[in-house]
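Asks: For reference, the sequence and a predicted model appear below.
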Amino acid sequence: MLITDHIVKSYDDELNRLTAMILEMGQLLEAQLEKVLECLTKGDNKIAQEIVDKDIEVDRLENKIDTSAVRLLALRQPVASDLRNVVAALKISAHLERMADYAVNVSKRVIALNQMGPIKYVSSITRLVRLVQEMIRDVLKAYSQLDDKAAHEIWKRDEEVDELYNGFVRELLTYMMEDPRNISPCIHILFIAKNIERMGDHVTNIAEHIHYLVHGTLWSESRK
Amino acid sequence: MLDPKIQVHHLNLFYKAHQVLHNISLDIYRNQVTALIGPSGCGKSSFLRCLNRMNDTIEGVRVEGSILLDGDNIYGKSMDVVQLRARVGMVFQKPNPFPKSIYDNVAYGPRIHGLFQNKSALDGIVEQSLERAGLWKEVKERLHEPGTSLSGGQQQRLCIARAIAVKPEVILMDEPCSALDPIATAKIEELIDELRDRFTIVIVTHHLQQAARVSQYVGFFYAGALVEYGETGDVFTNPRDKKTQGYLTGRM
């Protein structure tokens, strides 16, 4: 979108730092999801607890982004693409933080599930997690490269997430009907799946912010 | 609702052989504040001065195209320049009160144009103009002191009162706040917003945030051309032209 630098170099540095912090937050989230996969498949409480403990780092980064963005707004009064850059950073960081919270929720459910014996029915969930994890990785790449086309493509992938989730819900229903003793663990797994599915929705929102960042128009306008 | 007060068509301005403005066309809307921005020497002040023929006094000046004020070509043969400048007033960069009393500064225009019947009517015009310029309360006890005894911000508001005393339709402002501190600037900006009800305002400013704060429309001039013109909110969030983007964000 922009090739030239600011006349004031420190302004560029501040904007670049903001982008770097978003990407750092994204990497943290990806790592958290990797651990989610691990603790789901291994039923490992220790890893689940690590995810819970690590969340504070995501929160700290979000606060840092907020503070930097507010400072930038106050001191630089950015306009045009610079303004959109700062607004997008504020919004995207909020989505990343929320996704990290979902990872924590999943971990807590894993800990609860472990008390009920070996975790079953997780194979469909791991597919769901993989899918969302890829979407997060790609959307952050699209953000760092201001690649609106890629953002659109990622946005569409959420349909796949929804389909997978809906299929999984049907599957869980049959297990629950089969044997009422399955209900408790299945409810936990259902919530886990729901949390992952919600992450996909946040990815689509990030894709929409990338569109705004690149074009200066709202996503909804472009889809009329 | 958006009704053009001034229509500029294919305006070219030359100082002798040197062309300063290139094919400018735009509508300036009634009761709106239009800000003109751009780097030094881009032609924005020259353009502003075309709107009340302030350039006429410069030797070798030549204007092509037309500027219509409510449909009347201001460069037409039947246009009386003195009348035109009463209809299109101007406020300059440096406050320039006449070396007269506060009262006489404001009364100057109405006296020249014979806009009143008697002393009390003139008193009324002076009070109303100072009131509208947000200065009345500060000066009502000292109307006969020299205009130059006021602070910079007050002097600029005095100049605005002087400009509006002749009941113009359009007020042109050339960097009206560049010599003022932030508080005096805020008062002028608030005043501009209030004056918009009665007048059409065109303001040239180097201060981008001021353009963003006070105007509804903004035109970006570069090298004598109007590069972009649109609603201020749109131009400041999503400029269409790369040059506008570069200028606004400081990437020239």
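Replies: Here it is on my side, so go on.
Asks: need the residues of the stretch 151-252 of chain B near chain A, please.
Replies: Counting by CB under 8 Å from any CB of the partner chain, the stretch 151-252 of chain B comes close to chain A at B:208-209, B:212, B:236-239, B:244-246, B:248-252. Backbone N, C-alpha and C define where each C-beta goes, glycine included.
Asks: between the residues you listed, which is nearest chain A?
Replies: Lowest distance from chain A to those (CB to the nearest CB) belongs to residue B:238, with 2.8 Å.
Asks: Just give me the neighbour total for that closest one.
Replies: The local packing of residue B:238 (other CB atoms under 10 Å in any protein chain shown) involves 19 other residues.
Asks: re earlier: and the residues of the stretch 151-252 of chain B next to chain A, which of them are buried?
Replies: Burial by neighbour count, 16 or more other CB atoms under 10 Å in any protein chain shown: within those this picks out B:208, B:212, B:236-239, B:244-246, B:248-251.
Asks: Minimum distance to chain B, which residue of chain A gives it?
Replies: For chain A, CB to the nearest CB, closest residue to chain B: residue A:216, 2.8 Å.
Asks: Check whether that residue really touches residue A:82, as I assumed.
Replies: No - contact criterion CB atoms under 8 Å: residue A:216 and residue A:82 do not qualify, at 11.6 Å.
Asks: between these two, who's got more neighbours?
Replies: residue A:82 (23 against 18).
Asks: where along chain B do the helices fall?
Replies: Remark: helices assigned in chain B by DSSP state H are B:44-50, B:81-87, B:102-113, B:119-132, B:136-139, B:152-165, B:182-195, B:208-214, B:232-237, B:242-249.
Asks: Can you tell me the closest non-neighbouring residue to the residue of chain A closest to chain B?
Replies: In space, and not counting its chain neighbours, residue A:216 is closest to residue B:238: 2.8 Å by CB to CB, 6 or more residues apart in numbering or on different chains.
Asks: So which helix or strand of chain B has the lowest pLDDT on average?
Replies: helix B:182-195 (a mean of 91; mean pLDDT, DSSP states H and E).
Asks: Ramachandran coordinates for the residue of chain A closest to chain B?
Replies: phi 80, psi 10 (degrees, to the nearest 10).
Asks: and if you look at residue B:251?
Replies: phi -130, psi 40.
Asks: So the closest residue to it other than its chain neighbours: helix, strand or coil?
Replies: Excluding its sequence neighbours, the residue lying closest to residue B:251 (CB to CB, 6+ apart) is residue A:4, at 4.6 Å. Here residue A:4 is coil, with the state taken from DSSP: H, G, I helix; E, B strand; the rest coil.
Asks: Count the residues that sit near residue A:4.
Replies: So residue A:4, with other CB under 10 Å, has 13 neighbours.
Asks: again, but for the one 10 residues further on
Replies: Neighbourhood size, residue A:14 [other CB under 10 Å]: 20.
Asks: Wasn't it part of a strand?
Replies: No - assessed with three-state DSSP, residue A:14 is helix; it does not lie in a strand.
Asks: what sits against residue B:201?
Replies: When contacts are counted by CB atoms under 8 Å, 6 or more residues apart in numbering or on different chains, residue B:201 touches B:32, B:33, B:34, B:170, B:171, B:172, B:173, B:192, B:195.
Asks: and what of residue B:147?
Replies: Here residue B:147 is in contact with B:97, B:98, B:99, B:100, B:101, B:102, B:104, B:105, B:155, B:158 (CB under 8 Å, 6+ apart).
Asks: which of those lies closest to chain A?
Replies: residue B:155 (27.9 Å).
Asks: okay, the nearest residue to the closest one once chain neighbours are set aside: pLDDT?
Replies: Excluding the flanking residues, the one nearest residue B:155 by CB to CB, 6+ apart is residue B:95, at 3.5 Å. pLDDT recorded at residue B:95 is 92.
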